[in-house]
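Colleague: got a structure for you, letters missing:
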DNA sequence: TTGAAGTATATTGCACGCAATTCAATTGAG
DNA sequence: CTCAATTGAATTGCGTGCAATATACTTCAA
């Protein structure tokens, strides 16, 4: 018996659907934790970068987050409206916009410090399995990106 | 030395970011393959279900896809406009909407048959690793869903 | 020096996800 | 039997993702 191609067109067998569902479900878990900070999950990702590197431009932020200006520009304007970042054109090169963490944005970091551990506990999986999951995701991303 | 909570607030260490990036990147790979079929990735997921079960209602479809009516109603209207499904109110219970695969929708299945294998090849990862990745995602989803 | 190519960000448009609300139909307790 | 509670879809509103395009600025070669 040669298996039909058909056999692979089943939702439950598709890696991508599992990845897609787990990713959305995990973001939903973050939502509850981020609500007190008035952050969405993608906004939280941007803040993670800024907490490590309090100033960088949109292009560099986009490369770290794998997002383009079409996504980042409105997202960063919302963070600016909330007072967590400032956006200023570079004097040297008027095309570049510097994103800077504000004091208020810096203060948020303390409120977020418990989140990684909380999520880890909610996952209920052993650390080793989560690390391997992360590793496989990173590898998959690299492979597809390299095409 | 006790590690600071701070140490976990690093983008590159976060499983969720890896999952989030890999998921979006994989959907992007599907996009190219689905363009000839005039389907988006979530629409493709709905078609996968219908190819196995040519008629079901919105609620059951939503449970399979982990999506609610706010997402599905407009998505299904688009599939209806393309002629791939029909939407009809149940006679027995006027609240229920039956989604049915059309002949044209059935024909799409043949055009999609190559996709799973193509994606597998593009991933460049061994089947075993992909299966384990899928398994961990499924487990993670279950754990978070159970809370 | 000047204009063509390249670059960084912004804008537009479309399709999700999903919370919150609405609405009509159905069910079920008293 | 009746009306309050429940249910299945639809609607509304907001924030992404991302392709495509636009715009302003910069660089670079002839």
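Modeller: Received the coordinates, thanks. None of the values given here were measured: they were computed from a predicted structure.

Colleague: closest point of chain A to DNA strand D, which residue?
Modeller: Closest contact between chain A and DNA strand D, by Cβ to the nearest atom of the strand, is at residue A:70 (2.6 Å). Yep, even glycine has a C-beta here, placed from its N, CA and C like the rest.

Colleague: for DNA strand C, tell me whether the helix or strand harbouring that residue is touching it.
Modeller: Per DSSP states H and E, residue A:70 falls inside helix A:69-81. Yes - using Cβ under 7 Å from any atom of the strand, helix A:69-81 comes into contact with DNA strand C via A:69-70, A:72-74, A:76.

Colleague: now pLDDT and neighbour count too, for those, in a markdown table please.
Modeller: Listed next are those as a markdown table, based on pLDDT from 0 to 100; neighbours: other Cβ atoms under 10 Å in any protein chain shown:
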| residue | pLDDT | neighbour count |
| --- | --- | --- |
| A:69 | 96 | 13 |
| A:70 | 96 | 9 |
| A:72 | 97 | 20 |
| A:73 | 97 | 13 |
| A:74 | 97 | 10 |
| A:76 | 98 | 21 |
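
Colleague: returning to that earlier point: what's the next secondary structure element after the helix holding residue A:70?
Modeller: Following helix A:69-81 in sequence, per DSSP H and E, is strand A:85-89.

Colleague: near DNA strand D at all, whichever helix or strand comes after that following strand?
Modeller: Following strand A:85-89 in sequence order, the next helix or strand is strand A:97-101 (DSSP H and E). No - Strand A:97-101 stays clear of DNA strand D (Cβ under 7 Å from any atom of the strand), getting no nearer than 11.1 Å.

Colleague: quick one: mean pLDDT over strand A:97-101.
Modeller: For strand A:97-101, the mean pLDDT works out to 97.

Colleague: is that strand anywhere near chain B?
Modeller: No - counting by Cβ under 8 Å from any Cβ of the partner chain, chain B has no neighbours in strand A:97-101; the shortest distance is 12.9 Å.
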